[in-house]
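1. starting from these lines, generate the structure:
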Amino acid sequence: MQQQNVLYFSLYPPIGPEDWRYTFETAQVKTLSEKLFGSIFFTELANSSGFKETVELLSGTDYVLSASATNQEIENLLCDRRREARKLIRQLLHDDKIIEFLRARSDFANMRLAIRRLVLEKPLGSDYCDQGNIPVDQYELVFEQEDYTALPNYLQKAIEAGVLGYYKNKNVRDIDIAIDKAEAEFQLENAIRIESIFLIELMKMYIDLNNIRTMMRLKFTEMQDRDVFMPGGYIDPARLNQAVDIGYESLAQTFAATPYYHILEAGAGFMQSNNSFLKLEAASDQHLIGFLKSTDQITAGHQPIAAYLLRKEHEIRMVRTVLACKKADIEPKAILDRIVV
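-> Okay, here's the model as predicted:
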């Protein structure tokens with residue numbers, strides 16, 4: 001698996017064996033998973049008459065707000081829910097390496113923010129996420145003094161990649177591309193060290209979905225830079241490079257032998273007719289959520305526990321989307337096009 005990426009599944013990859021150390025914890029998260037919002041409830045939220053009614057519908061859930069809630073109050077609530085979910089998962093997981101894997105996502109998120117501020121010469125600020133492996137105080141000090149040797153080697157490499165990526169074209173978007181690439185490479189290696197089939201397959205799927213989005217953006221912007229695809233996924237970068245030059249009407253067929261045909265089928269046509277990535281993003285999220293839900297077949301293991309966290313974080317993002325759209329008086333259909341559960 002580490003040496004070659006050969007597709008051996010039609011839709012979702014395997015998630016790995018049972019681990020009976022997690023019998024009680026798996027039962028606990030499965031109970032919590034049943035409380036996650038379904039499509040019917042999100043449809044009600046999207047079709048509500050306005051922000052006030054949306055808040056009323058949320059009153060019996062984890063997302064209790066007042067009808068006069070400001071954007072900052074909404075963000076504070078959603079961050080609290082995310083923090084609580086991550087704290088719970090840390091308590092349920094017995095493997096420190098898996099906890100570090102999940103916490104590393106915050107380290108890379110902080111890295112993106114810090115590099116943006118560094119190259120744009122803006123104040124560092126204090127709104128870093130405090131749920132990573134690197135303490136926020138240490139993180140801020142490192143960037144204030146511009147001495148990165150105190151950081152782990154993988155973060156030092158990410159800083160170098162992000163800064164070089166920006167100064168290549170003076171484009172802030174290139175920072176995200178460079179950091180995403182560094183994060184995917186590190187996390188895939190991390191998953192292999194942990195020997196978790198679920199996390200390995202999760203990262204390969206993440207790489208594939210990210211590369212598909214990148215390919216579509218290259219087509220849309222007609223950019224010539226093709227050295228932006230992440231290695232390590234199941235889709236060969238050479239196939240992605242060829243797809244950039246293929247018409248939208250034939251794009252899905254190019255991926256017919258992959259698990260991602262339905263994503264291109266939904267995204268390419270909508271992109272051609274509406275100049276929008278909306279359906280592509282929604283279909284990509286739907287595919288990932290489907291894989292996370294497949295962990296329900298496990299009776300005991302770390303897979304459903306890690307999957308619950310990712311599904312809960314996704315729910316939080318969807319609630320944020322609905323609330324923002326309701327505040328902006330966006331039509332229900334436009335909201336429903338983006339909501340994925």
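2. low-scoring stretches of the stretch 101-250 of the chain, by residue?
-> 121-126, 224-226 (pLDDT under 70).
3. so which residues of it form strands?
-> Assigned by DSSP state E, counting those that start in this stretch, the stretch 101-250 of the chain shows no strands.
4. may I have stretch 248-267 exported as CSV, CA atoms only?
-> Extracted C-alpha coordinates of stretch 248-267, given in CSV (Å, rounded to 0.1, in the frame of the first residue of the first chain):
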residue,chain,number,x,y,z
TYR,A,248,-16.0,19.7,-19.5
GLU,A,249,-18.4,17.5,-21.4
SER,A,250,-15.9,14.6,-21.5
LEU,A,251,-14.3,15.1,-18.1
ALA,A,252,-16.4,12.7,-16.1
GLN,A,253,-15.8,9.9,-18.5
THR,A,254,-12.1,10.3,-18.0
PHE,A,255,-12.6,9.3,-14.4
ALA,A,256,-15.1,6.5,-15.1
ALA,A,257,-12.8,3.8,-13.7
THR,A,258,-12.3,5.7,-10.4
PRO,A,259,-14.5,6.2,-7.4
TYR,A,260,-14.8,9.8,-8.3
TYR,A,261,-16.9,9.6,-11.5
HIS,A,262,-20.0,10.9,-9.8
ILE,A,263,-18.1,13.9,-8.4
LEU,A,264,-16.9,15.0,-11.8
GLU,A,265,-20.3,14.2,-13.4
ALA,A,266,-22.0,16.6,-10.9
GLY,A,267,-19.2,19.2,-10.8
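5. mind listing what's buried in that stretch?
-> By 16 or more other CB atoms under 10 Å, the buried positions in stretch 248-267 come out as 248, 251-252, 254-255, 258-260, 263-267. (Each C-beta comes from the backbone N, C-alpha and C, glycine too.)
6. tabulate these (TSV), appending secondary structure and distance to Ala67.
-> TSV is the format used below for the buried residues of stretch 248-267 (DSSP: H, G, I helix; E, B strand; the rest coil; distance: CB to CB, whole Å):
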residue	secondary structure	distance to Ala67
Tyr248	helix	43
Leu251	helix	45
Ala252	helix	44
Thr254	helix	49
Phe255	coil	46
Thr258	coil	46
Pro259	coil	43
Tyr260	coil	42
Ile263	helix	38
Leu264	helix	42
Glu265	helix	41
Ala266	helix	36
Gly267	helix	36
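7. tell me which two of those residues sit farthest apart.
-> Greatest spatial distance among those (CB to CB): Tyr248 and Pro259, at 20.1 Å.
8. returning to what we had before: now, which of the buried residues of stretch 248-267 sits nearest Asn211?
-> Closest to Asn211, out of all of the buried residues of stretch 248-267 and judged by CB to CB, is Tyr260, at 9.8 Å.
9. the closest one reaches Asp208, doesn't it?
-> Yes. Using CB atoms under 8 Å, Tyr260 makes contact with Asp208 at a distance of 6.6 Å.
10. give me the common contacts of the two.
-> Shared contacts of Tyr260 and Asp208 (CB atoms under 8 Å, 6 or more residues apart in numbering): Ile235.
11. was I right to think Ser66 contacts Val55?
-> Yes. Contact criterion CB under 8 Å: Ser66 and Val55 qualify, at 7.0 Å.
12. tell me which of these two has more neighbours.
-> Neighbours around Ser66 and Val55, counted as other CB atoms under 10 Å, are more numerous at Val55. The numbers are 21 against 10.
13. state the pLDDT value of that one.
-> Confidence at Val55, expressed as pLDDT, is 90.
14. off-centre distance for the helix or strand containing it?
-> For Val55, the host element (DSSP states H and E) is helix 51-57. In terms of CA atoms, centre = their mean, to the nearest Å, the gap separating the centre of helix 51-57 from the centre of its chain is 27 Å.
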